[in-house]
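> sharing a sequence plus its predicted fold:
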Amino acid sequence: MAQLSRRHVLGLGVGALSAAQFRHAMADNAGAKAHGLSAFGDLKYPPDFHHFDYVNVDAPKGGAFSQLVGSGGSTFNSLNAYIVKGDAANGMNVTFASLMARAFDEPDAVYPLAAEELTVSSDGLVYRFRLRSGIVFHDGTEIGASDVVFSLTTLKTKGHPTFSSVLRDVAEVVVEDKQTVRLRFLPTRGLDAPALAASMPIFSEKYYATRPFDETSLEAPLGSGPYRIARFEQGRFVEFERVKNWWGENLPVSRGQYNFDMLRDEYYRDREVGLEAFIGHNYQFREEFTSRVWATRYDFPAIRDGRVKREVIPDERPSGAQGWLLNTRRDKFGDRRVREAMTIQTEQLVGYPVAGIDLRVLSRSAPPVPLLVVHDQRDRETFHEDSVQLVANWAGPARLVSTDGLGHRRILVDQQVVDEVVSFVRADPGPSGDPSLIDKLSPGVVR
């Protein structure tokens, strides 16, 4: 759904801060109609565009799509995704419509969805949205201007900070008539404020008159978008069914989209179990976030015979990083030489930059490098038996430190582990030739 999620809101907000000037397509200084909003300049699509370029308007409707939520380890205990409390289910944005919808081949542009007409005042502070006729919530009740006012006001006062923060520049939101909403922004508003406000979900004022908005709930909320919740099991899965004859189906911002009759989000608290579920064809799509798993685990029969496609899709977005993050505010890590010594020592041990570690290659290196393996016996991502075998077959000196139930975080601060690692590193200070640097990491200091 093109209505924004928390992640979309953050991305749009950051991008808009860099815009040099806010311009409204088709709106002049007198305050004319606008067919879209952008903080970056002219819009890509004209007022009479038929559909977004990146969709296939001839795509068939039907079928089902299932995916793993996140990288595994996720859960949910609430279907209210717009407040601070609880762990919200993924994908709830597809159940709600908004005044305007994003075009994802532009940096931040939005075009009318629930709104049919938009006018902007000459000073760029007042926006009037006239709603389409015949737009309804999933129970058949009409979406009116009062629902929009309720939604924006509630999100600003009770919503998650992701939403309330971007609405802070809305000075006033009022009902002008049954189908018209007026938004007035502060003169100091952010460049992205109008587009963000127009992208907020529309809630039913009548529905929440008998329900607290700011409380977690496992009741499927009354929505207005292309999908509704069909069924779910807390912490395990959520199924969204396509709303047949949805009022927005043939609008330019919706054509060619929302084609699957069923969307299913799968939840697994354990990443290894989640991967095994994919190998067992319990769901259809996963995005891999762990480079080690990507390099070593995708070699099962369905990959080899082509039933599963393994692809790297360049999306040109900034990506996260995997590695050690050192708290340089602490004295032991504040010395740059300590950080360099850790890097040099690691690269000396593996024989090449740490980004290219391959234990299978290292096991055959000459001369053999020393090896220290720290492995928790309850680790589900890699098997403890593999570490036992690795140490047993290592050509050089090797030692295995086994822990029991520490997990990925506590294992890094366990005193036994710290003592073993410091002792191992001090035994060979590496090219720096200065054991005193390693002394800063001595037992009892690293925490």
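All right, it came through fine. Keep in mind it's a predicted model, so treat the numbers as computed, not measured. Numbers count the residues shown, from 1 in each chain.
> all contacts plus neighbour counts: C-alpha atoms, from now on.
Will do.
> span of stretch 49-66 from start to end?
Length of stretch 49-66, first residue to last, C-alpha to C-alpha, to the nearest Å: 31 Å.
> repeat for stretch 281-292
For stretch 281-292, the first-to-last residue distance is 21 Å (C-alpha to C-alpha).
> okay, buried residues for that stretch please.
Using 16 or more other C-alpha atoms under 10 Å as the test for burial, stretch 281-292 gives 283, 284, 285, 286.
> now it: mean pLDDT?
Averaging pLDDT along stretch 281-292 yields 89.
> give me the residues contacting that stretch.
Contacts to stretch 281-292, defined as C-alpha atoms under 8 Å, 6 or more residues apart in numbering, come from residues 65, 66, 67, 68, 69, 70, 71, 266, 277, 278, 294.
> which residue is the nearest non-sequential neighbour of the second one?
The one in question is residue 66. Leaving aside its sequence neighbours, residue 66 sits nearest to residue 264 (C-alpha to C-alpha, 6 or more residues apart in numbering; 4.5 Å).
> okay, the one you found and residue 65: tell me how far apart.
Look at residue 264 and residue 65: by C-alpha to C-alpha, they are 6 Å apart.
> who has more neighbours out of these two?
Taking other C-alpha atoms under 10 Å, residue 264 and residue 65 do not tie; residue 264 has more neighbours (23 against 17).
> roughly how far apart are the more buried one and residue 258?
Going from residue 264 to residue 258 by C-alpha to C-alpha gives 13 Å.
> so which residues of the stretch 251-400 of the chain form helices?
Applying DSSP state H, counting those that start in this stretch to the stretch 251-400 of the chain gives helices spanning 271-279, 291-296, 301-304, 331-334, 336-350, 359-362, 384-393.
> quickly, which of those bottoms out on average pLDDT?
Mean pLDDT is lowest for helix 359-362 out of the helices of the stretch 251-400 of the chain, coming in at a mean of 51.
> residue 372 against residue 399, yeah?
Yes - taking C-alpha atoms under 8 Å as the definition, residue 372 is a contact partner of residue 399 at 5.0 Å.
> one step back: which of the contacts of stretch 281-292 are buried?
Among those, the ones that count as buried by 16+ other C-alpha under 10 Å are 65, 66, 67, 68, 69, 70, 71, 266, 277, 278.
> so what does residue 227 look like in phi/psi?
phi -130, psi 160 (degrees, to the nearest 10).
> in stretch 106-124, which residues are buried?
Using 16+ other C-alpha under 10 Å as the test for burial, stretch 106-124 gives 107-121, 124.
> thinking again about what came up before, report the lowest-confidence entry in the buried ones among the contacts of stretch 281-292.
Lowest pLDDT among the buried ones among the contacts of stretch 281-292: residue 71, 74.
> next one: the closest residue to it other than its chain neighbours from residue 69, what distance?
Of all residues not flanking residue 71 in the chain, residue 289 sits nearest, at 6.0 Å (C-alpha to C-alpha, 6+ apart). Separation of residue 289 from residue 69 (C-alpha to C-alpha) stands at 12 Å.
> next: residue 149.
Computed as C-alpha to C-alpha, the residue 149 to residue 69 distance reads 32 Å.
> could the contacts of stretch 281-292 go into TSV alongside distance to residue 388?
Formatted as TSV, the contacts of stretch 281-292 follow (distance: C-alpha to C-alpha, whole Å):
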residue	distance to residue 388
65	40
66	37
67	34
68	31
69	32
70	31
71	27
266	33
277	26
278	27
294	22
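> wait, residue 387 sits on residue 376?
No - here residue 387 does not reach residue 376: they are 9.9 Å apart, not a contact under C-alpha under 8 Å.
> name the element residue 190 belongs to?
Counting by DSSP states H and E, no helix or strand carries residue 190.
> distance of it from residue 196?
Noted for residue 190: a distance of 10 Å to residue 196, by C-alpha to C-alpha.
> which of those two has more neighbours?
residue 196 (27 against 19).
> helices and strands around the host helix or strand of that one, which ones?
Per DSSP H and E, residue 196 falls inside helix 193-198. Secondary-structure packing of helix 193-198 (3 or more C-alpha pairs under 8 Å, 6 or more residues apart in numbering; DSSP states H and E): helix 6-16, strand 100-102.
> the first one: what's the following helix or strand?
Counting by DSSP H and E, the next helix or strand C-terminal to helix 6-16 is strand 33-34.
> beyond that next one, next helix or strand please.
strand 64-68.
> so what touches that next one?
Under the criterion C-alpha under 8 Å, 6+ apart, residues 260-268, 274, 283-287 lie in contact with strand 64-68.
> likewise stretch 132-140?
Residues from elsewhere that reach stretch 132-140 (C-alpha under 8 Å, 6+ apart): 114-116, 142-143, 179, 204, 222-225, 228, 247-248.
> if we go to 7 Å?
Stretch 132-140 is contacted by residues 114, 115, 116, 142, 143, 222, 223, 224, 247 when judged by C-alpha atoms under 7 Å, 6 or more residues apart in numbering.
> which SSE is the third one in?
Same thing as residue 116. Residue 116 belongs to strand 115-120 when elements are defined using DSSP H and E.
> show me what that strand packs onto, helices and strands only.
strand 33-34, strand 126-131 (3 or more C-alpha pairs under 7 Å, 6 or more residues apart in numbering; DSSP states H and E).
> least reliable of those by average pLDDT, please.
Of all the helices and strands packed on strand 115-120, mean pLDDT reaches its minimum on strand 33-34 (a mean of 92).
> burial measure for residue 235, as a count.
Neighbourhood size, residue 235 [other C-alpha under 10 Å]: 17.
> quick check: it vs residue 77, distance?
Remark: distance between residue 235 and residue 77 (C-alpha to C-alpha) = 7 Å.
> any idea how far residue 306 is from residue 300?
Taking C-alpha to C-alpha as the measure, residue 306 falls 10 Å from residue 300.
> hang on, residue 163 packs against residue 155?
Yes - if you go by C-alpha atoms under 7 Å, residue 163 and residue 155 touch, sitting 6.3 Å apart.
> sorry, back to before: give the buried residues for the helix or strand following the helix holding residue 196.
Next helix or strand after helix 193-198 toward the C-terminus (DSSP H and E): helix 205-208. By neighbour count on 16+ other C-alpha under 10 Å, the buried set for helix 205-208 is residue 205.
> which residues touch helix 205-208?
With contacts defined as C-alpha under 7 Å, 6+ apart, helix 205-208 is touched by 147, 150, 222.
> any idea which of the residues you listed is closest to residue 327?
Distances from residue 327 to these, taken as C-alpha to C-alpha, are shortest for residue 150 (44.0 Å).
> for residue 150, see how far away the nearest residue to residue 159 once chain neighbours are set aside is.
Spatial nearest neighbour of residue 159, excluding adjacent residues (C-alpha to C-alpha, 6+ apart): residue 83 at 4.8 Å. As judged by C-alpha to C-alpha, residue 83 and residue 150 stand 15 Å apart.
> again with residue 33
Noted for residue 33: a distance of 24 Å to residue 150, by C-alpha to C-alpha.
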